[in-house]
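Colleague: give the three-dimensional model of this entry:
(chains A, B, C and D)
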4 protein chains.
Amino acid sequence: MIKVGILGATAYTSLELIKILLRHTGVEIAYLGIRRDEKPAISEIFPALEGRIDLKCKGIEPEDVPGDVKLIFATLPPTIAMRYIPGIVKLGVRVVDLSADYRFKEKDVYEKWYKAEHVDPDGIKTAVYGLPELFNNEIKNAQIIGNPGCYPTGTILGLAPLLKNGLIYSDDIIVDAKSGISGAGREPTDTTHYCERNENIEAYKVGCHRHTPEINHILSRVAGTDISIFFTPHLTPMSRGILNTTYAKIKDGVSHNDIQNVYDEAYQDKTFARVKTKGKLPRVLDVANSNYCDISFNIVDNRVIIVSCIDNLIKGAAGQAVQNMNIMLGLDETMGLL
Amino acid sequence: MIKVGILGATAYTSLELIKILLRHTGVEIAYLGIRRDEKPAISEIFPALEGRIDLKCKGIEPEDVPGDVKLIFATLPPTIAMRYIPGIVKLGVRVVDLSADYRFKEKDVYEKWYKAEHVDPDGIKTAVYGLPELFNNEIKNAQIIGNPGCYPTGTILGLAPLLKNGLIYSDDIIVDAKSGISGAGREPTDTTHYCERNENIEAYKVGCHRHTPEINHILSRVAGTDISIFFTPHLTPMSRGILNTTYAKIKDGVSHNDIQNVYDEAYQDKTFARVKTKGKLPRVLDVANSNYCDISFNIVDNRVIIVSCIDNLIKGAAGQAVQNMNIMLGLDETMGLL
Amino acid sequence: MIKVGILGATAYTSLELIKILLRHTGVEIAYLGIRRDEKPAISEIFPALEGRIDLKCKGIEPEDVPGDVKLIFATLPPTIAMRYIPGIVKLGVRVVDLSADYRFKEKDVYEKWYKAEHVDPDGIKTAVYGLPELFNNEIKNAQIIGNPGCYPTGTILGLAPLLKNGLIYSDDIIVDAKSGISGAGREPTDTTHYCERNENIEAYKVGCHRHTPEINHILSRVAGTDISIFFTPHLTPMSRGILNTTYAKIKDGVSHNDIQNVYDEAYQDKTFARVKTKGKLPRVLDVANSNYCDISFNIVDNRVIIVSCIDNLIKGAAGQAVQNMNIMLGLDETMGLL
Amino acid sequence: MIKVGILGATAYTSLELIKILLRHTGVEIAYLGIRRDEKPAISEIFPALEGRIDLKCKGIEPEDVPGDVKLIFATLPPTIAMRYIPGIVKLGVRVVDLSADYRFKEKDVYEKWYKAEHVDPDGIKTAVYGLPELFNNEIKNAQIIGNPGCYPTGTILGLAPLLKNGLIYSDDIIVDAKSGISGAGREPTDTTHYCERNENIEAYKVGCHRHTPEINHILSRVAGTDISIFFTPHLTPMSRGILNTTYAKIKDGVSHNDIQNVYDEAYQDKTFARVKTKGKLPRVLDVANSNYCDISFNIVDNRVIIVSCIDNLIKGAAGQAVQNMNIMLGLDETMGLL
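Modeller: The predicted structure is shown next:
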């Protein structure tokens, strides 16, 4: 069993990571680092884990990491993760980072959107964007994986085949995204109060959410040209799940079959990207608690409407992180995820 | 007290209507007609009304309507309402119809989308579309009001000032709407089962929802040119409320102030249309159980993103119906609705 | 119009109070005091009030209260309210206090459960417990009303007629209560985080919730003997509403009719206490957004199971406070509440 | 891989069963029988299964069952299951029945509560009640398992150690249970409509739910004396989960340690029964999507309050069924369930 650890084990994504890893037959959790002063057993932080894992938390400095740990998932918040990851890397430990700190190649884009100086400019140069359906080969040998954001995962998987194959216009793409509340993190705030979210839906950060540059960054690579989507997220009264409704314009002569074909080509051998049959639409309910991304497309006149859907905590975070780990460790990509 | 009645008193919108009318100081509920064979007291159908109204239901034929009733709200389903309303009208009773049967001037458009022959072609010629913020003058003297659909109400209020004043391009408008489940009616179906809706969000009838022609119909009148929006509704896990996120392109040179001005002009003396101050966004929570429509707009580059928000059962149905009644009866438009 | 005010206008109960008072035709809101440093218009705190009330908040010291205000609702937290209310009383203003600070006659019981010295011992001597269905006569002339807690309201209304008439044993009463999350207040905490409450139900403070002594205190007065119920509250995934399931043992020979009779006697002329007909059970849905308390009872062998149900923010707080105000001001008890 | 099947594959519990079995490394799903006329692939019934299992449904007659199937889970409704199970048994196939049809030894008790003649009186004589924490040894060799009901599972696990050891009085036990809506099944009804359940909680079948005799039946066996609990279920707005709050009276001299000891003795080697440490309470959130039953107890004066909590679809149905299967097949009890 390969030993792995988690840096920042108190996040909602950490709980999901632990549940997946406990079920994984190729790896073993040997380290859980947290920032809090007290270092309780993890089951005191997450009562759901009582009797399932017997591990006391430790600190998050390099010296806290046991020597036999080969890979670490970092679930620290953005701008914090990059302070600790270089020390981990120096230990020779590979890292899957679930913050945004290693998703951008360009230091200045990161710094503009995350409003902090990037303290590991070398790290981001070699880090690999961990979207396995697109970048499997690079992931294999990466030292640091920038695990994709929750909104970008579904959005990119929905758009990539069409942009790569030039079937849609690249300058007029609208993504209207609806997220469950766990996407806002575990911190209690006015925004996460039950009575502010229940029986409510609202847009936020219209056209200025920081997942926008991430989506553009990756789609531009895929398309080979500058892509600038328009992105509006919404807070939806459910604990988990994201549904992205994407509106684009198809080029003249592009047919349903053309689009079907590029999706098939892109995803027919990708377990976790499921393209719906004609007439069916994705539902959060069908991907909840799973690593699947469901994708549909409808053509109406000159538009294509792509709906993509994931569990934000699994395919949008912990599940995808394990998928990346599997690839990095040469294991079956789906291990622990079915 | 003017006597009014409800034809089809078992719908969710009927319960809201009754609650509003009980609080209304100008009218009195004198008749409740239902299609079921048994005719219980209304409080047996809606236990919430116990002790608040003591009225036994009756049938829905013209002879069931008491002679002193001056106005009737019809909450029968589309294609059913038109079979009963002509008989009511013949009694000299005015009608606010909450089905779709009197919203279209064109018989063929109705028949195409509602898949039924319209049996009251004379009625639709004189019926008035009951969106008071736009058509107050026509409503005053109408015999039959076609009360607007829930999706159209918020969508039209958000777009009308911009289209009327030509500030946006009329051929590239996308409406991404999110509705609570009461919009699907009171019938138990696979779609309305709690476990299919809770912790779920999904799109449906992408580009083919029958509120689309209604929106286009009215916006075309307002704009003086053919409007064809693209409309995608979503089922959202909440009992009530609709949030519409509308994407349009502004014409060259149009500024924030220009748009602010046309909204101000349109709605500054309209109690129930509230335009948010810059930087604020509507929330279902703020309009729930009220007759308000909250509207915001954001300009990003050449796009304007309009968010509009209503309670689908109130401003999207029962509240708006009472607002129409108030206007028809020469009462203060806001009576019973504040 | 009689002028009234609210001391502590940022609470969830304050929003409900304002909505009710805006609809009330006998009083006018002339003062809103808040503890925050900034004093915005109330609609900046509650966007739902935009366009409905145009009032800037002020401080909470006696000098902040306009001279023509006759009655003030205090919605400050327990242990804070008692610091400000004596100053208000000195102005000759009557007070309905929604904290727990004036619900107990005995200083020591309060101090034990609220872990603070009571700084207004004179006030609690004359304060009246504001449960109008039981104490209407005392309320009329009270200077200070201790508005009942949310759990006590429904529990006491369910039990009082049976205890007063000696139909049940007083030493073996279990109350299993289920509350919506607004009962936990507006403060964002781990407990009120959406993802901790949604898809979850849990008991808390088993046998030691501080509403227990309040219930016992009042029921003992009603019964004329010491009552000590056993009380377990639960947090239920809904924004508002409380359902109490109460288990008691009936004395030998007590019949369904006997119990029906004492309920009828107690509540037949009480608008807001509705006793369900045999076979029907209360639902939060039927009392939501209303001032009603629905009550049912079932007899099974030697047990009676009483289910009582209120909207915790209305009959359990703001609505009951207005009911008290109506009585104090000699208005119809139901004014603004139907 | 041992081949297993499901009879009645369209239920919510069937979906959970399939998900668990797909992850199970010792068995393989070889048969899915449904009652509907069309026999689609299972992924057309449950889109969540797309790409995870490629199996077409078949009928539910014995001849539909492939010859190599060794064990069948029956998820047909009560009174239907017993019509098909004898035929399956004749094939030599073992059965875990998730209906109530094989939970009672006494034909007349079943017939009274389920209002149908039992057509397999021989079957119920040999059937074993499948609560593995109590009846592991009998389960091993059973031909037919009556898989416990969702309410009974948590209730019995909470009470059994105390009753077996005589620590509580057996004639005064109240169980107040709160269930998520999936417990009401997949049929769309007035009761399962989203708008009737959301923002609502209500009691139903007070003192007359048909899980009551099941609980009494098993607890009487455990206690060696007739047990008759009082049971009130409530519908709670969540998809899944049950929390039981049980009130009992402890015998003189029984201490916290005494109770702790009998729980420890009963469950210390039972993976899926987790007794909380003092001061902690179970939460649906901690057992959701798992086969765990969390149990706490509080002693207040002469009462013990036991809170027990399960996922009704897993430990209350599909998970427990797999646990039974594991025991029957000689596999590790926890296989597929961690």
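Colleague: who in the stretch 151-300 of chain A is up against chain C?
Modeller: A:181-182, A:186, A:188-190, A:192-195, A:197-199, A:237-239 (C-beta under 8 Å from any C-beta of the partner chain). Bear in mind the C-beta positions are built from the backbone N, C-alpha and C, glycine included.
Colleague: and the closest residue to chain B within the stretch 101-250 of chain A, what does it touch?
Modeller: Relative to chain B, the nearest point of the stretch 101-250 of chain A is A:Gly207 (3.7 Å; C-beta to the nearest C-beta). Listed by C-beta atoms under 8 Å, 6 or more residues apart in numbering or on different chains, the contact set of A:Gly207 reads A:Phe230, A:Phe231, A:Thr232, B:Asn298, B:Val300, B:Arg303, B:Ile305.
Colleague: ok, 10 Å please
Modeller: For A:Gly207, the contacting residues are A:Phe230, A:Phe231, A:Thr232, B:Asn298, B:Ile299, B:Val300, B:Asp301, B:Arg303, B:Ile305, by C-beta atoms under 10 Å, 6 or more residues apart in numbering or on different chains.
Colleague: which one of the residues you listed sits closest to A:Glu28?
Modeller: A:Phe231 (38.8 Å; C-beta to C-beta).
Colleague: assign a three-state SS to the closest residue to A:Val206 other than its chain neighbours, would you?
Modeller: Leaving aside its chain neighbours, A:Val206 sits nearest to B:Asn298 (4.6 Å; criterion: C-beta to C-beta, 6 or more residues apart in numbering or on different chains). The three-state assignment at B:Asn298 reads strand, by DSSP: H, G, I helix; E, B strand; the rest coil.
Colleague: got JSON lines for the contacts of A:Gly207, with pLDDT, distance to C:Lys249 and neighbour count too?
Modeller: Converted to JSON lines, the contacts of A:Gly207 look like this (pLDDT from 0 to 100; distance: C-beta to C-beta, whole Å; neighbours: other C-beta atoms under 10 Å in any protein chain shown):
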{"residue": "A:Phe230", "pLDDT": "98", "distance to C:Lys249": "66", "neighbour count": "18"}
{"residue": "A:Phe231", "pLDDT": "98", "distance to C:Lys249": "62", "neighbour count": "28"}
{"residue": "A:Thr232", "pLDDT": "98", "distance to C:Lys249": "59", "neighbour count": "24"}
{"residue": "B:Asn298", "pLDDT": "98", "distance to C:Lys249": "63", "neighbour count": "19"}
{"residue": "B:Ile299", "pLDDT": "98", "distance to C:Lys249": "68", "neighbour count": "16"}
{"residue": "B:Val300", "pLDDT": "97", "distance to C:Lys249": "67", "neighbour count": "13"}
{"residue": "B:Asp301", "pLDDT": "95", "distance to C:Lys249": "72", "neighbour count": "10"}
{"residue": "B:Arg303", "pLDDT": "97", "distance to C:Lys249": "68", "neighbour count": "18"}
{"residue": "B:Ile305", "pLDDT": "98", "distance to C:Lys249": "62", "neighbour count": "22"}
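Colleague: want to throw those into CSV with distance to D:Arg23?
Modeller: Converted to CSV, the contacts of A:Gly207 look like this (distance: C-beta to C-beta, whole Å):
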residue, distance to D:Arg23
A:Phe230, 40
A:Phe231, 35
A:Thr232, 37
B:Asn298, 45
B:Ile299, 50
B:Val300, 45
B:Asp301, 48
B:Arg303, 46
B:Ile305, 43
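Colleague: list the buried ones in the helix or strand hosting A:Val96?
Modeller: Under the criterion DSSP states H and E, the helix or strand holding A:Val96 is strand A:94-97. With burial defined by 16 or more other C-beta atoms under 10 Å in any protein chain shown, the residues of strand A:94-97 counted as buried are A:Arg94, A:Val95, A:Val96, A:Asp97.
Colleague: got a markdown table for those residues, with distance to chain D and pLDDT too?
Modeller: Listed next are the buried residues of strand A:94-97 as a markdown table, based on distance: C-beta to the nearest C-beta, whole Å; pLDDT from 0 to 100:
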| residue | distance to chain D | pLDDT |
| --- | --- | --- |
| A:Arg94 | 26 | 98 |
| A:Val95 | 27 | 98 |
| A:Val96 | 23 | 98 |
| A:Asp97 | 27 | 98 |
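Colleague: wait, which of those is closest to chain B?
Modeller: For the buried residues of strand A:94-97, the nearest to chain B is A:Val96 (27.0 Å; C-beta to the nearest C-beta).
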